[in-house]
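Asks: pasting the sequence and the predicted model now:
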Amino acid sequence: MLTGKKLESYAELVLKIGVNLQKGQGLEIACPVEKKDIAEAFAKIAYDLGASIVNIRWQDDVIDRLKFENADIDRLLEVPKWFVKSKNYLVENNFCYVAIAAEDPSAFKNVSPERLSKASEARSRALKKFSDAVMCNGIRWCVVSVPTKEWAKQVFPESDNPEEDLSVAIENTMRLNYENPTACWEQHIKTLDKRAEYLNSHDFYALHFKNSLGTDLTVGLADNHVWLSAKEYAKDGVPFVANMPTEEVFTSPHRERVDGVVKSALPLSYNGKIIDGFTLTFKKGKIVKINARVGEETLKKLIETDKGTFHIGEVALIGKNSPIAKSKILFYNTLFDENASCHLAIGKAYPTTIKGGNNLDKEELKKLGANDSVEHVDFMIGTPDLTVTGITKKGEKIRIFENGDWVI
């Protein structure tokens with residue numbers, strides 16, 4: 001389990017490599033209420049590193065489920081001004097933000113998809129300033145995870161000690177099983193940077209995805225797009241790593257140049273519900289047909305959130321030999337599952353994936369093909385037999401992935 005020295009190493013890795021907390025800087029941590037010990041360990045390390053203040057924002061799936069099931073709809077859709085101000089305060093005062101994503105994947109399985117969708121949309125709109133700052137690297141942020149009871153039982157249903165098993169799995173994905181995790185992460189970041197450099201050097205016009213599952217999709221890339229990897233730079237010039245673990249290089253698709261069919265490769269946990277076995281059909285960038293074996297209504301509500309959720313805002317490449325993929329564990333948590341598989345994201349594009357994107361307004365980004373939305377939801381499409389072919393502006397085709405992994 002994440003205790004003692006191992007927990008200290010974990011906290012140091014997230015705070016030094018993840019958000020790269022600077023002396024005198026504030027920190028907020030969103031943490032499941034059952035993991036008080038984790039929050040305490042993070043707070044102690046943060047103060048040791050010179051944090052000016054550490055705030056904890058507690059999360060509770062049970063309380064949230066009761067709210068979604070019972071609250072008056074008007075109240076459910078009302079996002080308190082104090083809450084919005086508290087999130088904006090982080091942006092205005094250059095806080096770092098750590099989100100510990102460890103929710104029960106089925107926490108809201110019996111809650112009305114419509115209530116969940118409306119509440120999610122209301123929250124996204126109210127917190128737009130904060131989410132825009134995250135998407136534009138206006139603050140340094142990092143999403144990580146720790147095992148929780150209900151989540152662990154879903155990942156390891158036959159285990160006598162699922163929390164222990166999930167803890168070991170997370171430690172391995174975080175490279176905590178190495179003698180020097182920090183040095184290991186630094187080398188890993190260099191490897192990802194080289195892949196991004198290769199893709200940027202070719203300036204592909206489009207990518208073609210194909211596998212035996214039924215995916216046959218051409219994804220046009222935004223004009224002036226940039227491939228990014230683990231290490232990014234915030235507007236204050238300080239580097240950080242937004243997801244830990246991470247295995248991806250990613251960029252912005254062109255919102256009007258996506259055509260074909262894509263099939264999900266792994267289940268998607270969204271708003272406490274599972275969506276699985278789904279197919280999306282695209283025409284001129286827009287989703288025109290939706291089918292899902294599980295959670296179709298939830299998927300439809302997500303895609304109908306706004307005009308931007310009918311398009312995709314991210315394309316990411318991850319080989320089948322990443323530590324997460326090789327573990328063969330289905331985490332039911334996007335932080336991990338997206339790093340086991342190539343993926344796309346429904347909704348908003350990261351402005352940072354466009355050259356000079358942080359200095360462009362919404363209309364300028366749109367003209368270049370970058371999508372805008374209040375949502376950004378990743379879903380996994382990579383399989384062991386996936387091929388990815390880069391198509392240049394001259395029509396030359398260069399194989400990037402063969403049999404689910406990098407060929408470069």
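Replies: Cool, got the structure. This structure is a prediction, so every number in the text was calculated from the model and none was measured. Numbering: from 1, shown residues only.

Asks: which strand or helix spans residue 260?
Replies: Assigned by DSSP states H and E, residue 260 belongs to strand 253-263.

Asks: so what strands line up beside that strand?
Replies: Strand pairing for strand 253-263, determined by DSSP bridges: strand 216-221 (antiparallel), strand 273-283 (antiparallel).

Asks: would you pull up how far the following helix or strand past that strand lies from the middle of the chain?
Replies: Using DSSP H and E, the helix or strand that follows strand 253-263 towards the C-terminus is strand 268-270. Taking C-alpha atoms, centre = their mean, to the nearest Å, one finds the center of strand 268-270 at 11 Å from the center of the full chain.

Asks: list the buried residues for strand 268-270?
Replies: 268-270 (16 or more other C-beta atoms under 10 Å). Heads up, the C-betas are built off the backbone N, CA and C, glycines and all.

Asks: quick revisit: hmm, who's touching the strand holding residue 260?
Replies: 206, 209, 211, 213-223, 278-285, 311-315, 344, 349, 366, 369-371, 381 (C-beta atoms under 8 Å, 6 or more residues apart in numbering).

Asks: if we use 7 Å, what do you get?
Replies: With contacts defined as C-beta atoms under 7 Å, 6 or more residues apart in numbering, strand 253-263 is touched by 206, 213-222, 279-285, 311-312, 315, 344, 369-371, 381.

Asks: quick one: mean pLDDT over that strand.
Replies: Averaging pLDDT along strand 253-263 gives 98.

Asks: which stretches of the stretch 301-408 of the chain form helices?
Replies: For the stretch 301-408 of the chain, helices defined by DSSP state H, counting those that start in this stretch occupy the ranges 323-327, 334-337, 362-367.

Asks: now the helix or strand bottoming out on mean pLDDT in the chain, how far from the centre of its chain.
Replies: Scoring the helices and strands of the chain by mean pLDDT, DSSP states H and E places helix 323-327 at the bottom, with a mean of 90. Distance of helix 323-327 from its chain centroid, counting by C-alpha atoms, centre = their mean, is 17 Å.

Asks: which elements pack onto it?
Replies: helix 162-173 (3 or more C-beta pairs under 7 Å, 6 or more residues apart in numbering; DSSP states H and E).

Asks: if we go by neighbour counts, what in the helix it packs on is buried?
Replies: In helix 162-173, counting by 16+ other C-beta under 10 Å, buried: 162-163, 165-173.

Asks: next one: stretch 209-217
Replies: Residues of stretch 209-217 classed as buried by neighbour count (16+ other C-beta under 10 Å): 209-211, 213, 215, 217.

Asks: kindly report the same for stretch 247-261.
Replies: Of all the residues in stretch 247-261, those buried under the rule 16+ other C-beta under 10 Å are 247-255, 257-260.
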